[in-house]
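**Q** here are the coordinates; sequence isn't available:
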């Protein structure tokens, strides 16, 4: 029986799925939001939330675990320094999925995925202007 073994297959082989989850996670960590299909957002949410939970406790072992999943030094650094620090007091639910209508070509459900505690560019410029004054 395969109870409790649900995985989003996404119509690709396992190596492609692993690579896709890695790339989506890096995109989300670097930019704070991304747009893709709703199903891919739901699959990425599981992957990213586990990474943020690992990153909340900054140890060498946890950095190595995160690097093993992401394979990107820049993404791991940003995950531990900014993303996990912003989500320190939150117990799960680090991402938000917002439906964005349908894709014109094949009518696939599209969605935006973003980090809940992200700092947008407008907020960061406002904060820097206030600190300068």
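**A** Yep, it's here. Bear in mind that the values here come from a model prediction, so they are computed numbers and not experimental data. Numbering: from 1, shown residues only.
**Q** what's whatever helix or strand residue 29 lives in packed up against?
**A** Taking DSSP states H and E as the definition, residue 29 sits inside helix 14-31. Counting contacts by 3 or more CB pairs under 8 Å, 6 or more residues apart in numbering; DSSP states H and E, helix 14-31 packs against strand 33-37, helix 38-55, helix 60-70, helix 73-78, strand 109-115. Where C-beta positions appear, they are placed from N, C-alpha and C, glycine not excepted.
**Q** Please tabulate those in TSV, including the columns mean pLDDT and distance to residue 16.
**A** Output for the helices and strands packed on helix 14-31, formatted as TSV (pLDDT from 0 to 100; distance: least, CB to CB, whole Å):
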stretch	mean pLDDT	distance to residue 16
strand 33-37	97	15
helix 38-55	97	12
helix 60-70	98	16
helix 73-78	97	19
strand 109-115	97	19
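**Q** among the ones you listed, which is nearest residue 21?
**A** With CB to CB as the measure, helix 38-55 is the member of these nearest residue 21 (4.6 Å).
**Q** For that closest one, name the packing helices and strands.
**A** Packing contacts for helix 38-55, counted by 3+ CB pairs under 8 Å, 6+ apart, involve helix 14-31, helix 60-70, strand 95-102, strand 109-115.
**Q** The third one - what's its average pLDDT?
**A** Taken as a whole, strand 95-102 carries a mean pLDDT of 98.
**Q** thinking again about what came up before, please work out the angle formed by the directions of the helix holding residue 29 and helix 60-70.
**A** Orientation of helix 14-31 against helix 60-70 (axes from the mean of the first three to the mean of the last three CA atoms, to 10 degrees) gives an angle of 120 degrees.
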